[in-house]
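K.L.:
Next come a sequence and a model predicted from it.
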Amino acid sequence: MKAVMLMLLCAGPFLFTACPVRSKRNVDLPDPISNGRRVYLEKCAVCHGNEGQGIGEKFPPLAGNSWVNGAPERLVALTVDGLTGRQTIAGHEYSGVMPAWRDVITAPETADVLTYVRQAWGNHAPAVSFEFVLRISDRYAARRTFWSVAELKAIPPDQK
């Protein structure tokens, strides 16, 4: 018992530094694209396909998608709080529901997955920072319903 106590006293300051703490605001991720791809394959590919090609008439492709390549605030808002209703992407109608990810993945994971999809499969949109995700998440923190397409389109694309 004394040996365990001595070990805890000596190692105490270092015990928690190696333990990853999941926080919506504080996660060190060394490679956003690799982490974004990992999150995408774990959480998003089931609906949007492994290569962002979409699935059937429910789930639209992310490759070449105007939501993905457009205003990042709209993309963050729909990812964090979800989307419902019919939408037209590249001339095709989709009717699936995008779930809200606010309480499922962290802000850094959201930033990484959005950066990944904005730069994968021929998309060339700029990266999204986790600080930006936090700002948008905080702006709409009181929201408790999915966004509609009309509501998202009403968000000015250049809010800071």
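P.N.:
Perfect, thanks for sending it. Keep in mind that what you see is a predicted model, and the values were worked out from it rather than measured. Residues are numbered from 1 along each chain as shown.

K.L.:
tell me the centre residue of the protein?
P.N.:
With distances taken as C-alpha atoms, centre = their mean, the residue of the chain nearest its centroid is residue 110 (2.5 Å).

K.L.:
Strands of this protein, start to end?
P.N.:
With DSSP state E as the criterion, the chain has strands at 83-84, 87-89, 92-94, 147-148.

K.L.:
got a list of contacts for the second one?
P.N.:
Strand 87-89 is contacted by residues 54, 60-61, 65-67, 93-94, 149 when judged by C-beta atoms under 8 Å, 6 or more residues apart in numbering. All C-beta spots, glycine's among them, are computed from the backbone N, C-alpha and C.

K.L.:
How about the third one?
P.N.:
Contact with strand 92-94 is made by 54, 57-60, 86-88, as judged by C-beta under 8 Å, 6+ apart.

K.L.:
Partner strands of that strand and their direction?
P.N.:
Note on strand 92-94: by DSSP bridges, its sheet partners are strand 87-89 (antiparallel).

K.L.:
any idea how far residue 59 is from the residue lying closest to residue 83 once chain neighbours are set aside?
P.N.:
Ranked by C-beta to C-beta, 6 or more residues apart in numbering and with sequence neighbours excluded, the top spatial neighbour of residue 83 is residue 98, at 4.0 Å. According to C-beta to C-beta, to the nearest Å, residue 98 and residue 59 sit 8 Å apart.

K.L.:
Between these two, which has more neighbouring residues?
P.N.:
Taking neighbours as other C-beta atoms under 10 Å, residue 98 and residue 59 compare with residue 98 leading, 22 against 19.

K.L.:
For residue 66, which non-adjacent residue is spatially closest?
P.N.:
Sequence neighbours aside, residue 89 is the residue nearest to residue 66 in space, at 6.9 Å (criterion: C-beta to C-beta, 6+ apart).

K.L.:
I should have written residue 109 there, sorry.
P.N.:
Per C-beta to C-beta, 6+ apart, closest to residue 109 is residue 39, 5.1 Å.

K.L.:
for residue 101, same thing?
P.N.:
Spatial nearest neighbour of residue 101, chain neighbours left out: residue 79 (5.6 Å); criterion: C-beta to C-beta, 6+ apart.

K.L.:
Residue 95 too?
P.N.:
residue 86 (5.2 Å).

K.L.:
Go ahead and confirm residue 76 touches residue 114.
P.N.:
Yes: the criterion here is C-beta atoms under 8 Å, and residue 76 meets it with residue 114 at 6.7 Å.
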